[in-house]
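Q: Just to be clear, the model below is a prediction. Sequence and coordinates:
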Amino acid sequence: MSATAARPSDVLPGLGRKIGSLRRERRWALVTAYISLIIAAIFMLGPPLYMLLTSLKTSAEIADLSRSPWSISEITFSNYAQILGDPMFRGFFYNSIIVTVLVVAITMVISVLAAFALARMRFFGSQVLATGVFLTYLVPDTLLFIPLYQIVGGLGLLNSIWGLVLVYPTLTVPFCTWIMIGYFASIPKELDEAALIDGANWMQMLTKIFIPVALPGIIAATIFAFTVSWAAFVYPTAFITQPDSMPLTIGVVSQLIRGDTFAWGQLMAGALLAALPPVIVYAFLMDYYIAGLTAGATKG
Amino acid sequence: MAQVTLRRIVKEYEGGVQAVKGIDLDIADHEFVVLVGPSGCGKSTTLRMIAGLEEISAGDIAIGGALVNDIPPRDRDIAMVFQNYALYPHMTVYDNMAFGLMLRKFPKAEIDRRVKEAARILDIGMLLDRKPKALSGGQRQRVAMGRAIVRDPKVFLFAEPLSNLDAKLRVQMRTEIKKVHQTVKTTTIYVTHDQVEAMTLADRVVVMNHGVIEQVGPPQELYHNPATKFVAGFIGSPAMNFIPCRLEQSGSALQVQLPGGAALPVPQDRTARYQAHLGRELLFGIRPEHLTEVRPNDHRENMAVLEAVPEVVEPMGMETLAHFWIEGAEICARLDPATPAAPGRKLPLAADMAKMHLIDPKTNKVL
Ligand SMILES: Nc1ncnc2c1ncn2[C@@H]1O[C@H](COP(=O)(O)OP(=O)(O)OP(=O)(O)O)[C@@H](O)[C@H]1O
Ligand SMILES: [Mg+2]
């Protein structure tokens, strides 16, 4: 097939060169794309690889500056064994999971309901509210943690994972609501009208039409909420000082760095273990992330 | 099954746009009524008010004798087919049709029976497990109709259901819709801007323009006795010709004096009807199909001969259209294809004066 395309045309002489140059252009585009992708991949994967290598080394080998940090002479799993054998570290893990699961659940319930209302029920001020929701997201957490510290402290929730469960949604809800408004708004209006005539009430319309149709959006929002609350650093640093309430992000850092002693092997092992759940969640949810789920609703 | 009654229905959108300006309409049980009119005439708005998707600003709507002004769509017992089908994309064809019945808590067996029956009527039995995205436009349209049929509602509402289909499929689905109506006999209100669709489907056609009803009647009635200039020009294709004229006395009879000197005798039986307008400047209306070549031995009464010089001649196969101009008014005549018509050559035309119309240009009413 491609051979025919490259052959100078007998019927239309002179066209062959044109086709050939198009193919050459395409090849160059591909080569450039691959080169930049490879460079990007090296950049992105370099640090995790470094972490992996370091986590598999003994402390002595890490400290040996005469060797290349990218080589490894003797693989050891002792760092992992120490981390996983440490009940405190397992506690960090547990805290992170509890906080993240609750935050994702709270976020999705609030933002799906809010987005549905803002996208579909026209009421006084709904436009302003929708914009306001997004503006909230633009305020960085580095600015907010001081007033929030007062609030969380006032509620007596400092040094408690419940304080985090309360505070993280301020980061996740606005953005997830924004994503969901976009997805809901893209659902054709006739679909609601058909459902209304078919006998659905608002709740049935949401659960039986909007949520299934906007599933890709819901998954995107879930991934976002998961990532934000799993990786949150500023708020737990500010609100949590006791190790038994710490999530992984600050637990690893605060417990494995004592003064200026860095337990590098364990730090890297802990960080890699901490990075694992998001990878698993992404891989799992991506299977369900079937874009273009609305295809076929209307004339198309 | 039910009749539908509209009383002085008004729709005013925010910003003061009056889309519907107080219309009255009575639709009988089992009747197939088509709302037709040009873009923006308010036909969709009217249909959506009947469906309950749009609030009415004033007036009353009754379905099956019960006032439904403040009743939500789901309790009006209506089913609607949308222009862009509005199928639920995540459900199979079967579930799309079953959805309304499931929400209404019908027993499983009954749902199954109805879906299968509708699928049989529409010939989509083999598509039941497919998702909408795996269907062609015509198949989606059938599913949308199936979703309405299974509900067995009091009224079917169709919102320009065929305008997204290509010409051939549109004709086919038109027949299909008519067949379905003859089978299930549910009262049907159908909106379209296509007058051919309106004429072929309707028991009665409602012609709307600028938010008011111009005329209601069976297709033949609208064709032969249009009430207004708008209806006269809207129904029929090619459209009726309108030529400015003066009504004059000619002996004991009347005649239509056209610009350029031609005078056409008005049939005797119309004399009384038109007498009061003697001497007035009026519009002479005649359909292209009543303006033909002069046939030898034509024994029809009331034929008048008109000399014309066509400027454009369009052979259509079964007929030939000849276009010429009288004082800026474009006139179209339908000729037998054997007629030797050519642009710029004189052609005598026969006007069937028994089919003529006179229109008062002040009121736009047909006299
Ligand atoms: N939501 C709205 N807000 C304001 N004006 C509207 C709205 N919907 C329709 N209109 C106006 O109401 C009038 C009638 O609209 P409608 O949709 O009923 O026309 P239609 O007869 O269905 O035309 P078409 O053949 O183009 O569909 C139009 O002038 C339109 O601009
Ligand atoms: Mg419309």
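A: Structure received. Ligands and ions are numbered 1, 2, ... in the order given.

Q: Just want the phi and psi numbers for B:Gln215.
A: As for B:Gln215, its main-chain torsions (degrees, to the nearest 10) stand at phi -160, psi 150.

Q: meant to ask about B:Glu55
A: phi -70, psi 150.

Q: how far away is it from B:Asp70?
A: In this view, B:Glu55 and B:Asp70 are 9 Å apart by Cβ to Cβ, to the nearest Å. C-beta here means a position set from N, CA and C on the backbone, and glycine is covered the same way.

Q: what does A:Ala271 give?
A: Separation of A:Ala271 from B:Asp70 (Cβ to Cβ): 62 Å.

Q: So these two - more neighbours on which side?
A: Neighbour count, other Cβ atoms under 10 Å in any protein chain shown: between A:Ala271 and B:Asp70, A:Ala271 has more, with 20 against 8.

Q: Was I right to think B:Lys346 contacts B:Leu306?
A: No: proximity of B:Lys346 to B:Leu306 does not meet the contact threshold set by Cβ atoms under 8 Å, at 11.3 Å.

Q: More neighbours: which of the two?
A: B:Leu306 (22 against 9).

Q: what ranges do the strands span in chain A?
A: For chain A, the strands defined by DSSP state E cover A:257-258, A:261-262.

Q: hang on, I meant the stretch 1-150 of chain B
A: Secondary structure of the stretch 1-150 of chain B, counting by DSSP state E, counting those that start in this stretch: strands at B:4-12, B:18-27, B:32-36, B:58-63, B:66-67, B:78-81.

Q: neighbours around the residue in the stretch 151-300 of chain B that chain A sits nearest to, how many?
A: Nearest to chain A, among the residues of the stretch 151-300 of chain B, is B:Asn164, at 4.4 Å (Cβ to the nearest Cβ). For B:Asn164, the neighbour count with other Cβ under 10 Å is 19.

Q: would you say it is within a helix?
A: No: checked against DSSP: H, G, I helix; E, B strand; the rest coil, B:Asn164 lies outside a helix; its state is coil.

Q: if I read this right, it contacts B:Val81, doesn't it?
A: No: counting by Cβ under 8 Å, B:Asn164 sits too far from B:Val81 to count as a contact (11.7 Å).

Q: Quick check: residues of the stretch 1-150 of chain A near ligand 1?
A: Within the stretch 1-150 of chain A, no position is adjacent to ligand 1 by Cβ under 6 Å from any ligand atom.

Q: pLDDT weak spots in the stretch 151-300 of chain A?
A: Low-confidence segments of the stretch 151-300 of chain A, defined by pLDDT under 70, span residues A:259, A:261, A:287-300.

Q: One more pass at 80, please.
A: In the predicted model of the stretch 151-300 of chain A, residues A:255-263, A:284-300 satisfy pLDDT under 80.

Q: Which parts of it are helices?
A: Taking DSSP state H, counting those that start in this stretch, the helices of the stretch 151-300 of chain A run over residues A:161-167, A:169-185, A:189-198, A:202-204, A:211-213, A:215-231, A:234-239, A:248-256, A:264-286.

Q: and the first one, C-alpha only, in PDB?
A: Spelled out, it's helix A:161-167. Provided in PDB are the C-alpha atoms of helix A:161-167 (Å, rounded to 0.1, in the frame of the first residue of the first chain):
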ATOM      1  CA  ILE A 161      -6.100  12.700  60.900                       C
ATOM      2  CA  TRP A 162      -9.700  14.000  61.200                       C
ATOM      3  CA  GLY A 163      -8.300  17.500  60.900                       C
ATOM      4  CA  LEU A 164      -6.800  16.400  57.500                       C
ATOM      5  CA  VAL A 165     -10.100  14.800  56.400                       C
ATOM      6  CA  LEU A 166     -11.800  18.100  57.200                       C
ATOM      7  CA  VAL A 167      -9.200  20.300  55.400                       C
END
